[in-house]
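*Asks:* with the sequence up front, the predicted model follows.
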Amino acid sequence: MIRKLVAAVKVPLQNDDIALCERVFETLAAQHGMSEDEREQLASSILHFYQDGVKDERSLTRLLMK
């Protein structure tokens, strides 16, 4: 989901950045039963916060926990 969104909006991220965002996404998506729309919103939020400077995996995960 993250790679698809990165490609769609042409976000300039390195493979390590994308991998970190994907780990956060998989962690959070696995904890909650999410619809496809919710999963897309989660991916978008992860990328938004990452681009705004939240680059620590634990901090990003905690920020997005519901």
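*Replies:* All right, it came through fine. Model, not experiment: these values are computed from the prediction.

*Asks:* can you map out the helices along this structure?
*Replies:* 2-9, 15-31, 36-51, 57-64 (DSSP state H).

*Asks:* comparing these by mean pLDDT, which bottoms out?
*Replies:* For the helices of the chain, mean pLDDT drops lowest on helix 2-9, to a mean of 77.

*Asks:* need the helices of the chain in TSV with mean neighbour count, can you?
*Replies:* All C-beta atoms are positioned from the backbone trio N, CA, C, and that covers glycine. Conversion of the helices of the chain to TSV gives the following (neighbours: other CB atoms under 10 Å):
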stretch	mean neighbour count
helix 2-9	14
helix 15-31	16
helix 36-51	16
helix 57-64	14
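
*Asks:* L63 and D56 touch, don't they?
*Replies:* No - counting by CB atoms under 8 Å, L63 does not reach D56; the two are 9.6 Å apart.

*Asks:* which residue lies farthest from the center of the protein?
*Replies:* Ranking residues of the chain by C-alpha distance from their mean position (CA atoms, centre = their mean) puts G33 at the top, at 16.1 Å.

*Asks:* so how far is R39 from it?
*Replies:* Taking CB to CB, to the nearest Å as the measure, G33 falls 10 Å from R39.

*Asks:* got it, and C21?
*Replies:* 13 Å.

*Asks:* in PDB, list the C-alpha atoms belonging to stretch 26-33.
*Replies:* C-alpha atoms of stretch 26-33 as PDB (Å, rounded to 0.1, in the frame of the first residue of the first chain):
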ATOM      1  CA  GLU A  26       1.900  -3.400   8.600                       C
ATOM      2  CA  THR A  27       2.200  -3.100  12.400                       C
ATOM      3  CA  LEU A  28      -0.800  -0.800  12.700                       C
ATOM      4  CA  ALA A  29      -2.900  -2.500  10.000                       C
ATOM      5  CA  ALA A  30      -2.400  -5.900  11.700                       C
ATOM      6  CA  GLN A  31      -3.600  -4.500  15.000                       C
ATOM      7  CA  HIS A  32      -7.000  -3.200  13.700                       C
ATOM      8  CA  GLY A  33      -9.500  -4.700  11.300                       C
END
